[in-house]
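[1] Got a sequence here, can you build the structure:
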Amino acid sequence: MMYTAKKCGIRFQPPAIILIYEGEIKGKSRQRIMPVRNFSKFSDCSRAAEQLKNNPRHKSYLEQVSLKQLEKLFGFLRGNLQGQSLAETMEQIQRERTIDPEEDLNKLDDRELAKRKSIMDELFEKNQKKKDDPNFVYDVEVEFPQDEQLQSCGWDTESADEF
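    Predicted coordinates:
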């Protein structure tokens with residue numbers, strides 16, 4: 001049976017993921033409440049989201065819900081369990097999902113680095129111009145303004161004389 005997800009949200013007490021969907025019979029909206037069990041303020045949101053999405057009871061309902069959205073909902077639940085307000089949790093999730101250009105990625109562990117790379121890949125896919133886009137131009141040539149006189153570097157002039 002095919003289900004079309006319309007809305008996905010979270011309930012804090014008792015903890016549950018709530019999905020509003022339409023079944024094969026169009027026009028009739030239904031609600032599915034999926035209880036969140038064994039989740040604490042120390043739990044891993046990505047693991048919990050993956051387990052819920054792969055749960056045989058909920059798998060067909062959550063096909064159209066992205067894993068990132070489920071992770072974000074579990075992040076809200078974890079923030080609530082830690083005693084944070086909704087605004088503080090939203091700010092924390094926003095900080096986790098953005099990349100600081102001044103951050104040194106060489107100092108991160110493998111897991112954090114993989115998370116940052118997936119955020120960069122997502123941003124790249126979002127901003128990429130594809131052939132089907134209305135503003136797509138095949139061969140773009142751009143002239144950059146030169147405000148100052150170009151300074152020559154010593155390394156390129158010496159190598160030209162040697163050849």
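[2] Looking at the protein, which helix is longest?
    helix 110-127 (DSSP state H).
[3] Put the alpha carbons of it into PDB.
    Output in PDB follows, covering the C-alpha atoms of helix 110-127 (Å, rounded to 0.1, in the frame of the first residue of the first chain):
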ATOM      1  CA  ASP A 110      35.900  11.200  11.600                       C
ATOM      2  CA  ARG A 111      32.300  11.300  12.600                       C
ATOM      3  CA  GLU A 112      32.000  15.100  12.800                       C
ATOM      4  CA  LEU A 113      34.000  15.500   9.600                       C
ATOM      5  CA  ALA A 114      31.500  13.100   7.800                       C
ATOM      6  CA  LYS A 115      28.600  15.200   9.200                       C
ATOM      7  CA  ARG A 116      30.200  18.500   7.900                       C
ATOM      8  CA  LYS A 117      30.900  16.900   4.500                       C
ATOM      9  CA  SER A 118      27.300  15.700   4.200                       C
ATOM     10  CA  ILE A 119      26.100  19.300   5.000                       C
ATOM     11  CA  MET A 120      28.500  20.600   2.300                       C
ATOM     12  CA  ASP A 121      27.200  18.000  -0.200                       C
ATOM     13  CA  GLU A 122      23.600  18.900   0.500                       C
ATOM     14  CA  LEU A 123      24.400  22.700   0.100                       C
ATOM     15  CA  PHE A 124      26.200  21.900  -3.200                       C
ATOM     16  CA  GLU A 125      23.300  19.900  -4.600                       C
ATOM     17  CA  LYS A 126      20.900  22.700  -3.600                       C
ATOM     18  CA  ASN A 127      22.900  25.400  -5.300                       C
END
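[4] now what about it, what contacts it?
    68, 97-99, 105, 108 (Cβ atoms under 8 Å, 6 or more residues apart in numbering). (C-beta placed from N, C-alpha, C; glycine too.)
[5] Same question for stretch 20-37.
    Against stretch 20-37 from outside (Cβ under 8 Å, 6+ apart): 1-8, 11, 14-19, 48, 52, 55, 57-58, 61, 74, 77.
[6] got the contact list for the most centrally placed residue in the chain?
    The residue lying closest to the centre of the chain (Cα atoms, centre = their mean) is Lys68, at 5.2 Å. Shown in contact with Lys68 (Cβ under 8 Å, 6+ apart): Glu122.
[7] Name the helix or strand for it, please.
    For Lys68, the host element (DSSP states H and E) is helix 67-81.
[8] All set, thanks.
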